[in-house]
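Q: Sequence first, then the predicted structure:
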Number of protein chains: 2
Amino acid sequence: MTESENWVVAFADADETQRSLLGGKGAGLAGMTKAGLPVPPGFTITTEACRAYYDAGRTMPDGLWEQIEAAIEALEAATGKVFGGDEDPLLVSVRSGAVFSMPGMMDTVLNLGLNPTSTAGLAAATDDEAFAWDAYRRLVQMYGEIVLGIDGSRLHEPNEHDRVDGQAAVRRLQTIARDQSGSRVPEDPRKQLRRAVAAVFDSWMGRRAIDYRSMEGIPDDLFTAVNVQAMVYGNTGPNSGTGVVFTRNPATGEAGLWGEYLPDAQGEDVVAGLRTPEPIAELAVRHPEVHERLVELTDQLEQTYRDMQDVEFTVERGKLWMLQTRAAKRTGRGAIRCAVEMANEGLINRQEAVGRVTPDRLEELLHPVVEPDDDTVTLVTGLAASPGGASGMVAFTADEAVALTEAGNDVILVRTETSPDDFHGMVAAQAVVTSRGGVTSHAAVVARGMGKCCVVGCEGMTVDYGEQLFRTPTAVVTAGDVITVDGTSGTVYAGLVPTAEPELDEDYETLMDWVDGVKRLDVRANADNPADAAAAHRLGARGIGLCRTEHMFFEGERIEEMRRMIMAPNTVARAEALAELEPHQTADFEALFTEMAGLPVTIRLLDPPLHEFLPSRSEVAETLTDLKLRLSGTGNLAEIDHILHEINEQQEILDQVERLSESNPMLGHRGCRLGVDYPEITAMQARAIFTAAVHCAEKGIDAHPEVMVPLVAFAAEFRQQRDIIRATAAEVFDDAGVEVPYHIGTMIELPRAALTADEICADAEFVSFGTNDLTQTALGLSRDDSSRFLPSYVRAGIIDGDPFQHLDEAGVGALVEIGTTKSRSVNPDLTVGVCGEHGGDPASIQFINGLAIDYISCSPYRVPIARLSAAHATLEHEAASTA
Amino acid sequence: MTESENWVVAFADADETQRSLLGGKGAGLAGMTKAGLPVPPGFTITTEACRAYYDAGRTMPDGLWEQIEAAIEALEAATGKVFGGDEDPLLVSVRSGAVFSMPGMMDTVLNLGLNPTSTAGLAAATDDEAFAWDAYRRLVQMYGEIVLGIDGSRLHEPNEHDRVDGQAAVRRLQTIARDQSGSRVPEDPRKQLRRAVAAVFDSWMGRRAIDYRSMEGIPDDLFTAVNVQAMVYGNTGPNSGTGVVFTRNPATGEAGLWGEYLPDAQGEDVVAGLRTPEPIAELAVRHPEVHERLVELTDQLEQTYRDMQDVEFTVERGKLWMLQTRAAKRTGRGAIRCAVEMANEGLINRQEAVGRVTPDRLEELLHPVVEPDDDTVTLVTGLAASPGGASGMVAFTADEAVALTEAGNDVILVRTETSPDDFHGMVAAQAVVTSRGGVTSHAAVVARGMGKCCVVGCEGMTVDYGEQLFRTPTAVVTAGDVITVDGTSGTVYAGLVPTAEPELDEDYETLMDWVDGVKRLDVRANADNPADAAAAHRLGARGIGLCRTEHMFFEGERIEEMRRMIMAPNTVARAEALAELEPHQTADFEALFTEMAGLPVTIRLLDPPLHEFLPSRSEVAETLTDLKLRLSGTGNLAEIDHILHEINEQQEILDQVERLSESNPMLGHRGCRLGVDYPEITAMQARAIFTAAVHCAEKGIDAHPEVMVPLVAFAAEFRQQRDIIRATAAEVFDDAGVEVPYHIGTMIELPRAALTADEICADAEFVSFGTNDLTQTALGLSRDDSSRFLPSYVRAGIIDGDPFQHLDEAGVGALVEIGTTKSRSVNPDLTVGVCGEHGGDPASIQFINGLAIDYISCSPYRVPIARLSAAHATLEHEAASTA
C-alpha cells in the first residue's frame, strides 16, 4: 500500500503464477505472452491496486495513476502508436480480471482513446469511416453505462448495429449521457482511462458481483485486477471475426476443438448473444490457415496448463490474436470424460483426475433424463447448452422466478437472452430457456457453471414480456404454465414430461473406481424399500445406513393396520394389530437384506409420533360432517344404524387424534420413547427383522441386520430397548434353529446424547449421528418452520447457508465431535456413522472426514457425490498434511 | 462378610456414633443406654448383617444366627429371665432400624417368645390373663402379617381391642394363619425370632420401602439394622401407658416438651392412630413424677444431640422406659424457630442454624395461607397436623389420588386413617385429611415429613369408602368435590377458599440474614409486573433476572394493539401499531425500575412466536360461523354491509393465523428471530426501556436496565440486535439530555449457543442461561408434551426425576458449564446467570453453585428457597473442601 509498490505490470514482465495478484485473465495473458503466443500488448493493474483503491475510500491511491501513465507510455513505445492520437491511434480495452472467473459479473470498457479527432484518425488508418464511428458509438455506450452509470436501455436503440451514420449516433448518445448523468464521455483519452479503471474497481462491489460471490463462496477481499490491452478488431470486415473455443467439448469432454466463431464481430457480440455465431469448424472453411494456427496454439495451451482451456480470440484482417485463456467450465459428463482421458493420456495422474471432477459437476450426471413418449408435445428446439432435465412453471423475469420458487414451485426461467441482472432468477430456476444466443452466450455459460439444465437459441420462439407469454410456431405458453426442458437434447416440451434415471457410462465407472481407491470414509445409503436399495447398490453404496421403518407403514392396507394398532384400547388389542403388521415388515426386510446381501442394513425402529399415522383433525371432521349430512337425508333404519356406527368410529378416531396431538411433535412422544412406552412395538419390529434374516439365511443369503434405536437421550432407554431386541432375537433364532449375527446400536440426534455418548454408547455396537434432528435441536430450529425465515437469515449474512444442507460445524459439528470422542473413549471398536442429509453434502463430508467417523449414509442418488466428496476430502487432507 | 465379623452388638457395648452400622434407632438406643437413661436392654443386628443376608441370597449368612443366640443368652443373663420361658418369660421386640428414618415403611414384630405356656407364665407373672392373651393375639397378628405374609385385613376383626377371650382369638387367628399361609406361628421362641429377623431384613426390599427411598433419594444399599429388645408394656393398666414427645414443638419450634400420651396402650396403638391420645401435659397430672423425669431425660437428650429430639417412651406400672430418640422431623416454622433459638441459646452456631433448615421446610412457610370469609362453609375441624393451605378434589384412595393428579387435578386425599400403603397417594395429593388419629399418627408424621398440609382426627367426620363420600354433621361431600384444607388451623372448608401470602416472622428474618451472610450466589427474581417485583423484593431478591416482556402484551387493550401490530400489512402500519404499544411498555418498565431502584432489572425482548397473541383458529372459525348465521338472518342492508365487513376482518385474521401457524413453535419463529425480521419491534422495546430509565433518572430513581436478547443461536444475531439497542439508547439519551448506564446481554437457551458461547458472548456484558428451553432442546423434550410420558419414565427409573424441575446435570448442566467456561475465556468480566425454573430448585442450585455462575433468578416465591439453597451449597462446598 506504499507508493513504492508495483501496482502495474506489463503482460510481458508479469509472473504468470501470481494468479491472486494478476487475476485469472491477467495470469492467462501473461502466460500466453511468455509462451510466445500472439497476444495484443498491455498491462495488468493488480488486485493489490484494487485493495489500495478501496482502502483509500474508493480513490486511486497515491502513485497508482503515475504507474498507469508510465505503462501507457511503454505501450505507446511498443506499438509505435499514440494513445488516442490523431493518426492510427492506440486504443485500449479495460477489462476486469478477478482471481476466480465471474462470467459477465464485472465490467469492461472497450475502445478507450477515441474522440472526434482520433476517430477520424482511425477512419483514415482503416479506411473505414463507418467502422471507426461505430467503435466510437460503442465506447460512448459502454462508458455511459459503466462509468457514468446510465441505465443501459436508454443508450441502445433498434438497428444500432447497422452502422448507419455512426457520427450522428455518437452525438445523440452524448446528449443522452449529459441529460441522464450530467456528464458526457470526456475527450481526453487519459481521463477516459482513469475513470474506466475506477469504474471496474467499483464493479467489484456491485450488487451482481456480491451476489455471485456469495453464491459461489468467493471471498470479498480477493479484489479484482484490471487489464489494459491494445485493441484489436474482429469487426473490420469479412476477413475479421471473433470466437470462443474450448480445447475439448465442455459438454461431453470429447477431445478436439469445440466452439464458435462470429465473422465481422467483436467478442462482446458473441457473449451478449446478440447474433448467433457459427460452429468453429466453419473457420476451417473460411480461413484454413487461421484455423490450423488456432488448433496448434490451443493444443500448446492445454499442454502448458494441463487442463481443458476456454480461449477467446480475435481475427483482425486475417491475423489471429489470443485474448484470453482459462480453465474451461464444463458439465459433469465433460469433466469426467476429460479427467479420465487426460489421465489415460498421461497428462495428469489418477488422483488429479479424481480431484478435477467437482461434486456438483458429478451431480448433473445423476440428474434425471427427460423421457418423452408419443403423446409428448414438443414446443420448440434450440441449442443444448447445459444437459439435464427439469419441469416447472414458466416465469419471464428473475424476480418472478424467485417469488414462485420461494412459494414452493419449480420454475423455468424463459428469456429472449439473459444478462447478469437475471442471475438471481437463474439461481432460483430449475432450468433456463432463451430464444436467442449461442452455446457460449451468457445464459449458456452461467447455466453450465451452475450445473443447471439450459436450452438457448430456440429458433422460431418469440418472447413477449408485456403479454407474459411466449409463442412457438405451434403454441402459446403463458406465465405459470408448466413446461419441461431437456438440456441434453435441446428440446422444450409442453407440460410435465416424465423423467428417468441417467445411464452412467464407462468413463464414470472408471473415475468412480479411482474415487473408491482414494477415499477413507465408507458410503452407505438411506433406503426404505427395495427399489431405493437397488438404486443405492448400483450407485455404489456399501450397505444401508438408515432404513426408516415407518415409511413401510404408509403403503396400502398397512396404514389401516397401523391405525388399528394406534386405536387399540389395550395391550392385547395392540398386540393383535401388530401381529397383522409383522408379516409385511418381515417381507420388507427380507427384500432389503436380499438386495444388500453381504452388506450391513441398518434398520431404525419406529420413529415418528403416532399421530402422524392418523388422518388429520380436519380430515376426520369433514368425514363426520359428511356422515351427519347423509344421516339427515335418509329414512332407512338400516342405513341410519350403519351411519351411526360409522359416526361412532370416526368420533373415536377424532378423540384419539386429539389425545395424541402435540404442541411440538418434533420434541414429543417419538423415537425410542414409543418403544419404551409400547415395548410390544419394538418386539414386533425386532421379530420381523430377525425372522427376515433367518429366511435369508435359509436361502443362503448373507444378511447383516443392524438394529438402531432412535432418539435416545438417556443410557437407560437404550439398554431397555436393547434388552427387548436381544430377547426377541434369541426367541426367533431358537424357534428357527438358525442364528444370524446382528448388531444393536443407537442414534445420536439429541445434544444430550452427544454430551453423554460415553454412557449411551458403552454397550452399543454402532452409533449413527442423525444430523437432521441434531441440527433441529442444537439450533432450536424446526425444519418445517424455519424455511420462512432462514432465507432472510442467509441474505442478511447471519448464517452462511442453510444448516440443513451444510452441517453447522461450530454447533452440530462440535456435538458430533464430542459424541465421537466420548463414545470411542469407552468403546474403541464402536462403528460410527452419520446418517443425516449432510451425509450427501460435499462441504459437510469434508468436515466429517476430519473426525473419527467410519461411514456416512445419504440418499441413494447422492451416493456417488458422497463417494467423490469423501475422496476429495482425503486428497485435501493429504495435501494439507504434506504441505 | 466373614464369620468372624461382629454382626450383633448389645446396646450397652455399641458405639453410638456408628450410625450407618447400627441404624438410627440402634444408635439412639446405644446412646441412651450409654448416657444411663432407662432403656430396656437389647442388642442391634447391624446393617452389615443385612447386607450379608442379601449377599447370601436372602438367607442368614454363616454365623449370624449363632451370634444372635449368644446375644439372647446374654439378654437372659442380664434380665434374669428365660426367653419364652414358662415363668415370667423374657419377651422381645424385633424392630427395623435404617440409617435414615423411614416412618412406618419397615416392619416390626412385638411380643416374640410367647406361646401357650409362656403366655400362661406371663399371665401368672402379671396377674393379668387377659393382658397376656391379648399380647399373644398381637404376636400372632403381627407375625402372621409380617412373617407369614398374610393380608392384614384377614387377621383383624372389630372389637379386637376389647380383650374378650384372647385365648379364643389366638386359636382363631392360628387357624386363619394356617389356612392362608400353610403355616402357623411356631411355638419355639427361637424359631419365632429367627424368622422375624429375616422378615424385617426382607422388608427393606418391600415395595413401600423402595418407593419411599426412591422419593427421598435414600440409596438402596444402605440396608437396615434390626433391634431386638426386651419388651416393656404400656398396656398393663391405668398405671401404664405410652407416648411420643418432642423436645420442642415441631410445628412451631416453641421450646418445651410437646407430644402425646396414651394411657394403658402399647406404642403401636399411638402410631396407628387407633385411639386418640391425650396431650403430654395430662401426664403431669396423672403421674407428676414420671412427667418430671421425662422432662429431665429429654432435656439431657437435646443437650447431647444438639438438636430437637423425637422420643418414644413407655410407662410400665409407673416406671419410665425410653424406647427411641431421634432428630425430630419438624415443620418449616418449627425448624426456623428451633434453629434460631438454639443458635441464640449457644447450643449451635449460626452456620449450623442455617444448615438445620432445609429448603423444603422453608418452602412450607411460603405456602399460601387459607383466608376464609363470612361465606366460607366450614365442613369439620380436626388437629392441625401439618401447616399450610391447599384446595383440591376429594379422593378416597391413594390410586384415585394418583390418577386424578396425573390427569392434571389438585387432589385432597381423605381417609379414616392412613397406612404405609397410602404413601403414593399422599405423595400425589396436595393435602391429607383423616377422620381418626392424632398429631403423631402415620398421616401426620408422613405429611409433615413431606411438608404437606394435613388435618387429622376430625371428630364427627365419617368416611364411607363404599359410597365414595364423607359425612360431617352438616354436609355430605362426594369424591371429586372440591374442598380446602387449612393445616395451620386444622380446618376443612367446602369448595375453593382463597389463599393469601404468609406473614414472615422475626425468626425467619433473622435466619435469612444469616443465610445471606453465608451464600456466594446472588439471587434475583423472574418478575414481569410491579406486584411480582414487590413480592420478590420483599422476599430478598437482588434485582430482576428475567422480565418477560410479552406478558405485558396480554393485558387489557394491549392485546388488541398487539394484534394490530401482527396484522400490519407493512412496516409503516406495523410501526404505527408499535407506537401505540410503546407508552404501555414504558410505564411498565418505569414501575419495575422504581420497585427495584438500585438493583439490576434484566428485560428480555419479545420471545414467543407471534401467533401466540392471535386468537386460536377454532375461535376465529366460530366467530365466522356466528357472523354467517347472523348474515342469513337479516334483511337490513346496512347490517349486511356491517356483517360483511366483520367477516372480511375475521377472514384476514384467520389467514394470518394460518400463515403464522407452526409445526413446532418451540423451534420456530421466536426469540431474537422476531427482532431480526422485525427490527422495529426491538427498537420499540428498547425505546420504551430507555425512556422509562430516563423518566426514573429525572425523578432521582436509580434504574439499572439490562437488555437481554433471547434465543440467540448465532453471534451475528446478537450483534445485530445489540446495534439496534445501542442506537436506540443513544437516540433516547440524546433527545432527553440524560444518560443512564445500561447493559446489553444475551440468553443462552440453545445447545449451539452454549457450544459457541465464546463467539456469542465476546461482546456481551452479561449472559443468562435459560435452562427451561435449554432442557427442551438438549433433551429434545417439549415441556408441553412430555408430561404424558415423563411420569412413566421416572417410574421405570429411566430418569431420576423431571428434568424441568431438577437440572439434568449430565446434559443441560454440561452445556451450562461449557457455555460458562467458553464465554469467560473471551470475556472474563462477563456477568453470568441462570434464569430457568431451576434457579429455584435446591438440587440444581447446588450444581450451579459449583460453576462460575454469578446469580440465579427464580420466581418471586422461590427467592427465599433459592437464597437458603445457595447458602447450603456454599456450606457443603466448604465442608467438602475442608474435608
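A: On my side now, so go ahead.
Q: Now A:T418: which helix or strand?
A: Following DSSP states H and E, one finds A:T418 outside all helices and strands.
Q: Next, count neighbours for it.
A: Look at A:T418: counted by other Cβ atoms under 10 Å in any protein chain shown, it has 28 neighbours. Using the backbone N, CA and C atoms, a C-beta is placed for each residue, glycine as well.
Q: Over to it: give its phi and psi.
A: A:T418 adopts backbone torsions of phi -110, psi 160, taken as degrees, to the nearest 10.
Q: Just to be sure, A:V523 is in a strand?
A: Yes. Assigned with DSSP: H, G, I helix; E, B strand; the rest coil, A:V523 falls within a strand.
Q: Show the pLDDT at the residue in chain A sticking out farthest from the centre.
A: Distance from the centre of chain A peaks at A:L637, with 64.1 Å (Cα atoms, centre = their mean). For A:L637, the model assigns a pLDDT of 89.
Q: now swap in the one 10 residues further on and tell me
A: The score at A:I647 is 92. That number is its pLDDT.
Q: same check, this time on A:S786
A: For A:S786, pLDDT reads 83.
Q: how about it, what does it touch?
A: A:804, B:667-669 (Cβ atoms under 8 Å, 6 or more residues apart in numbering or on different chains).
Q: same question, A:D202
A: A:D202 touches A:R58, counting by Cβ under 8 Å, 6+ apart.
Q: following the helix or strand it falls within, which helix or strand shows up next?
A: If you go by DSSP H and E, A:D202 is part of helix A:189-203. Later in the chain than helix A:189-203, the nearest helix or strand by DSSP H and E is helix A:207-216.
Q: among the contacts of A:S786, who's most crowded?
A: Going by other Cβ under 10 Å, B:L667 tops these with 28 neighbours.
Q: Tell me how far the nearest residue to that one once chain neighbours are set aside lies from A:R788.
A: Closest residue to B:L667 apart from its sequence neighbours, by Cβ to Cβ, 6 or more residues apart in numbering or on different chains: A:S782 at 3.6 Å. As defined by Cβ to Cβ, to the nearest Å, A:S782 lies at a distance of 10 Å from A:R788.
Q: Contact partners for the residue of the stretch 351-500 of chain A found nearest chain B?
A: Going by Cβ to the nearest Cβ, chain B is nearest to A:A407 of the stretch 351-500 of chain A, at 12.4 Å. If you count contacts by Cβ under 8 Å, 6+ apart, A:A407 has none.
Q: Next up, phi/psi of it, please.
A: phi -80, psi 0.
Q: How much space separates it from B:R783?
A: Relative to B:R783, and taking Cβ to Cβ, A:A407 is found at 34 Å.
Q: Ok, A:K81 next?
A: 80 Å.
Q: residues in contact with the worst-scoring helix or strand of chain A on mean pLDDT?
A: Scoring the helices and strands of chain A by mean pLDDT, DSSP states H and E places helix A:267-271 at the bottom, with a mean of 74. With contact meaning Cβ under 8 Å, 6+ apart, helix A:267-271 is reached by A:104, A:108, A:110, A:234-235, A:242-244, A:260, A:262, A:275, A:277, A:312, A:314, A:323, A:438, A:440-442, A:445.
Q: now swap in stretch A:792-808 and tell me
A: Contacts of stretch A:792-808 (Cβ under 8 Å, 6+ apart): A:771-772, A:775, A:778-779, A:781, A:783, A:786, A:790, A:812-813, A:816, A:836-838, A:841, A:843-844, A:847-848, B:676-677, B:714, B:716-717, B:720, B:752.
Q: and A:S782 and A:R788? which has more neighbours close in?
A: A:S782 (22 against 16).
Q: how about the more buried one, what does it touch?
A: A:666, A:776, B:662-664, B:666-668.
Q: Kindly recompute the last result at 7 Å.
A: A:666, A:776, B:662-664, B:667-668 (Cβ atoms under 7 Å, 6 or more residues apart in numbering or on different chains).
Q: Can I have the buried ones of those residues as a ChimeraX selection?
A: Selecting the buried subset of the contacts of A:S782 in ChimeraX, with 16 or more other Cβ atoms under 10 Å in any protein chain shown as the burial test, is done by:
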select /A:666,776 /B:662,664,667,668
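Q: now the contacts of A:S782 in JSON lines, with pLDDT, secondary structure and distance to A:R630?
A: What follows is those, written out as JSON lines (pLDDT from 0 to 100; DSSP: H, G, I helix; E, B strand; the rest coil; distance: Cβ to Cβ, whole Å):
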{"residue": "A:M666", "pLDDT": "93", "secondary structure": "helix", "distance to A:R630": "38"}
{"residue": "A:Q776", "pLDDT": "95", "secondary structure": "helix", "distance to A:R630": "43"}
{"residue": "B:E662", "pLDDT": "89", "secondary structure": "coil", "distance to A:R630": "36"}
{"residue": "B:S663", "pLDDT": "87", "secondary structure": "coil", "distance to A:R630": "33"}
{"residue": "B:N664", "pLDDT": "93", "secondary structure": "coil", "distance to A:R630": "37"}
{"residue": "B:L667", "pLDDT": "95", "secondary structure": "helix", "distance to A:R630": "41"}
{"residue": "B:G668", "pLDDT": "93", "secondary structure": "coil", "distance to A:R630": "39"}
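Q: which one of the contacts of A:S782 is nearest A:R58?
A: B:G668 (42.2 Å; Cβ to Cβ).
Q: Taking helix A:207-216 as reference, get the angle to the helix holding A:D202.
A: Angle of helix A:189-203 versus helix A:207-216, following axes from the mean of the first three to the mean of the last three Cα atoms, to 10 degrees, is 40 degrees.
Q: Buried ones in helix A:189-203, by neighbour count?
A: Buried residues in helix A:189-203 (16+ other Cβ under 10 Å): A:189-190, A:192-203.
Q: per-residue confidence averaged over that helix?
A: 96.
Q: Distance from it to the middle of the chain?
A: 34 Å (Cα atoms, centre = their mean, to the nearest Å).
Q: Can you get me a residue count around the closest residue to A:I845 other than its chain neighbours?
A: Counting by Cβ to Cβ, 6+ apart, A:S869 is the residue found nearest to A:I845 once chain neighbours are left out, at 4.0 Å. Residues within reach of A:S869, counting by other Cβ under 10 Å, total 30.
Q: So A:S869 versus B:A871, what's the distance?
A: Taken as Cβ to Cβ, the span from A:S869 to B:A871 is 57 Å.
Q: and A:F804, helix, strand or coil?
A: coil.
Q: What of A:V228?
A: Going by three-state DSSP: A:V228 is strand.
Q: you'd agree it is up against A:L91?
A: No. Look at A:V228 against A:L91 with Cβ atoms under 7 Å: they stay out of range, at 10.9 Å.
Q: Contacts for the strand or helix carrying A:S869 next, please.
A: Assignment of secondary structure by DSSP H and E places A:S869 within helix A:863-882. Outside helix A:863-882, the residues within contact range by Cβ under 7 Å, 6+ apart are A:351, A:354-355, A:357, A:359, A:362-363, A:366, A:512, A:515-516, A:518-521, A:523, A:525, A:536, A:539-541, A:839-840, A:842, A:845-846, A:849, A:856, A:858.
Q: Can you say which of the residues you listed are buried?
A: For the contacts of helix A:863-882, buried by 16+ other Cβ under 10 Å: A:351, A:354-355, A:357, A:359, A:362-363, A:366, A:512, A:515-516, A:518-519, A:521, A:523, A:525, A:536, A:539-541, A:839-840, A:842, A:845-846, A:849, A:856, A:858.
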